[in-house]
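[1] how does the following fold in three dimensions:
(one chain, ligands or ions: 1)
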Amino acid sequence: MSSGRQRGMSVKIACPQCGAVVPEMDGPVHAYVPSAPGCWAAFGALRADEMLRFAGSEVNNLVVDAYMAQHPGDGTDRRDRQSVFVHLVSLCAVIERGAPPSRSPDVLRAVLAHATEFPLLRRARGPGDLTVLSATEATSVEDHDARVRTWAASVWDSWREHHPTIRAALDATG
Ligand SMILES: [Zn+2]
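    Numbers count the residues shown, from 1 in each chain. Have a look, this model is predicted:
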């Protein structure tokens, strides 16, 4: 009797970069961040929540670092390689070295000032178990901060074979 797809239910697809299961939709995506449009929309909604509901959050920059590091592209565009590299350095600073996420823009600037080459990094183990969707629907700023930190740590771990390269780049910024 049923065709299996009920009227009014949206079709879901997996984001090709992070695996988040999101509504299939047409929509804008970042020029060189190859997210599914529904994944990019979830990221946008989370950023909007940070401005409105969680304005006092300490992890605003960490959301960007985690998202960009989890959507590396295929590395054919130099901006892909640079984006994933610098955001991984920022994740390293926050997660391993305890830097406050508010310092992330300074870390990014320092990396860009010191590094001239951005090697192509490839994940050997996939994008990790958590996606941007794990950080949405927080009920308080504390809940939001905890969800974002857990997601960011998962993203950082998913790149573990490249941790020595990233740590060296962070150390080179002095
Ligand atoms: Zn995604």
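[2] in the least confident helix or strand in the chain by mean pLDDT, what's buried?
    Sorting the helices and strands of the chain by mean pLDDT, DSSP states H and E puts helix 104-114 at the bottom, at a mean of 90. By neighbour count on 16 or more other CB atoms under 10 Å, the buried set for helix 104-114 is 104, 107-108, 110-111. No exception for glycine: its C-beta is placed from N, CA and C like everyone else's.
[3] whichever helix or strand comes after that helix vs the ion: in contact?
    Using DSSP states H and E, the helix or strand that directly follows helix 104-114 along the chain is helix 141-158. No: Helix 141-158 stays clear of the ion (CB under 5 Å from the ion), getting no nearer than 11.0 Å.
[4] gap between stretch 157-174 and the chain center?
    Computed by CA atoms, centre = their mean, to the nearest Å, the chain-centroid distance of stretch 157-174 equals 16 Å.
[5] whichever strand or helix holds Leu91 versus helix 141-158: what angle between them?
    Assessed by DSSP H and E, Leu91 sits inside helix 78-95. For helix 78-95 against helix 141-158, the angle by axes from the mean of the first three to the mean of the last three CA atoms, to 10 degrees is 120 degrees.
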